[in-house]
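[1] curious how this folds, go ahead:
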Amino acid sequence: MANIALDPSVLTSAAAPRGEGRTAARPARARLPSWATMKTILAFWAFYFVMNTIRMAAVSAEGQAGMLVRRTVVSLIGIALTTVLWQVLRRFEAKSMRAMVTAAFVASLPISFAYATVNFTAFYVVHPHDSELREMHEEKMKGKPAELFQIVDSALNWYFFIVAWAIMYIALAYAQKVRVAERFAAQYRAEAQTAQLRALRYQINPHFLFNTLNSLSSLVLRQRGDEAERMIMNLSNFFRTSLTTDPTEDVPLVDEIRMQRLYLDIERIRFPDRLLVVIDVPPELEHATVPGMLLQPLVENAIKYGVARSTRPVTVTIRARAGENSLNLTVEDDGQAPADAPLLPSEKGHGVGLRNVCDRLAARFGEAATCHYGARAEGGFRVALAMPLRMDPEPTA
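    Numbering: from 1, shown residues only. Reported below is the predicted structural model:
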């Protein structure tokens with residue numbers, strides 16, 4: 001018995017649909033939210049403020065109260081300067097990662113010198129303590145320009161601190177882009193799946209209509225008017241029900257069986273003495289849901305390859321059983337063509353109908369569904385489907 005492996009990649013094989021069904025367009029940029037960026041800036045400078053305050057307290061530095069006020073002021077200015085850096089980096093978000101990283105390293109340099117100048121002014125110019133004055137005097141004794149040396153040395157130290165924030169921002173911005181891309185990819189996969197299900201479903205209806213019209217034409221030519229009229233009524237009911245349902249929606253199994261009864265009633269007119277039907281569906285499974293029109297191609301194959309090519313009565317059986325969290329459906333026939341009956345070119349395989357059923361299960365359930373088919377040892381053909389067991393929450397009366 002053959003086995004069709006249900007490949008989840010079928011979900012991404014179709015292009016995203018255009019027009020109806022498309023619900024969103026991907027934005028040109030997927031920026032990190034401003035509130036999230038501000039939280040990182042505040043967290044960075046709060047970390048500096050707390051750690052430096054603890055360090056100064058640990059070494060018993062003089063003028064703790066005054067330094068705390070000045071540290072608060074320079075921290076607020078640091079927040080403002082980092083916000084400026086953020087605005088610069090935002091202009092590079094649509095560019096490559098290399099461009100963003102380069103911008104981060106370059107833009108952090110003037111930001112670092114600006115902050116170092118503010119820091120030097122706050123602690124070495126505005127009411128400096130004796131410790132700061134002694135430090136400046138020692139630098140002058142070494143023949144160095146004390147003010148410039150202090151600013152440059154502080155700027156180099158702060159440069160790595162500010163670059164660290166910039167790199168973190170780039171990482172968060174990139175992660176945001178990935179999240180947005182994943183959301184849109186999931187949406188496009190869902191839309192592609194819907195388009196694929198519609199295409200597979202609509203391949204069934206024309207095929208069935210073609211066969212039925214051929215049979216109707218044969219009845220008319222044989223002047224079997226009553227049977228032709230009954231076939232037309234059944235065909236009308238069949239397509240009215242079929243075309244008023246969404247091909248992407250699941251339907252209760254009882255409705256799917258009702259559709260197959262309509263179809264089989266049409267075929268009974270063609271084969272009044274050769275077609276026998278057995279439908280075995282337990283009442284507790286009548287409201288299990290299945291993809292709409294799932295069984296029709298299988299029943300049609302049983303008629304085409306089992307009943308039509310046989311010279312004796314053939315039984316077509318539709319059976320449903322519950323497994324462990326699964327719904328198992330089988331469609332089989334016990335037909336057997338005469339040994340000398342030649343195969344028509346279109347009868348050398350079971351056609352696109354069976355493949356469509358397996359593909360629909362793959363698109364709908366992925367690896368959670370299976371599709372097995374093959375000849376029966378005692379004659380005839382059997383198709384076995386398994387899918388997750390899901391019950392209709394609102395059973396129809």
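
[2] contacts for stretch 257-270 next, please.
    With contact meaning C-beta atoms under 8 Å, 6 or more residues apart in numbering, stretch 257-270 is reached by 208, 212, 215, 218-219, 227, 230-231, 234-235, 237-238, 241-242, 275, 277, 279, 281, 286, 293, 295-296, 299-300, 303, 307, 316, 318. (C-beta placed from N, C-alpha, C; glycine too.)

[3] now that stretch: how far from the chain's centre is it?
    38 Å (C-alpha atoms, centre = their mean, to the nearest Å).

[4] list the buried residues in it.
    Within stretch 257-270, the residues scored as buried using 16 or more other C-beta atoms under 10 Å are 257, 259-260, 262-270.

[5] how about the CA coordinates for it, as CSV?
    In CSV, the C-alpha atoms belonging to stretch 257-270 read as follows (Å, rounded to 0.1, in the frame of the first residue of the first chain):
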residue,chain,number,x,y,z
ILE,A,257,-21.6,12.2,4.0
ARG,A,258,-24.8,13.9,2.9
MET,A,259,-22.8,15.4,-0.1
GLN,A,260,-21.5,11.9,-1.0
ARG,A,261,-25.0,10.5,-0.8
LEU,A,262,-26.1,13.0,-3.4
TYR,A,263,-23.1,12.1,-5.6
LEU,A,264,-23.8,8.4,-5.2
ASP,A,265,-27.4,8.9,-6.1
ILE,A,266,-26.3,10.4,-9.3
GLU,A,267,-24.0,7.5,-10.0
ARG,A,268,-26.7,4.9,-9.2
ILE,A,269,-28.6,6.2,-12.2
ARG,A,270,-25.6,5.3,-14.4
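
[6] Three-state assignment for the residue most central in space within the chain, please.
    For the chain, the residue nearest the mean C-alpha position is residue 186 (2.6 Å; C-alpha atoms, centre = their mean). What DSSP: H, G, I helix; E, B strand; the rest coil gives for residue 186 is helix.

[7] now do the strands in this structure.
    For the chain, strands defined by DSSP state E occupy the ranges 2-4, 250-252, 275-280, 289-291, 314-322, 326-333, 370-375, 381-388.

[8] need the ones you listed in CSV (columns: mean pLDDT and distance to residue 118).
    Output for those, formatted as CSV (pLDDT from 0 to 100; distance: least, C-beta to C-beta, whole Å):
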stretch, mean pLDDT, distance to residue 118
strand 2-4, 46, 70
strand 250-252, 89, 66
strand 275-280, 95, 85
strand 289-291, 92, 67
strand 314-322, 96, 74
strand 326-333, 96, 69
strand 370-375, 92, 69
strand 381-388, 95, 64
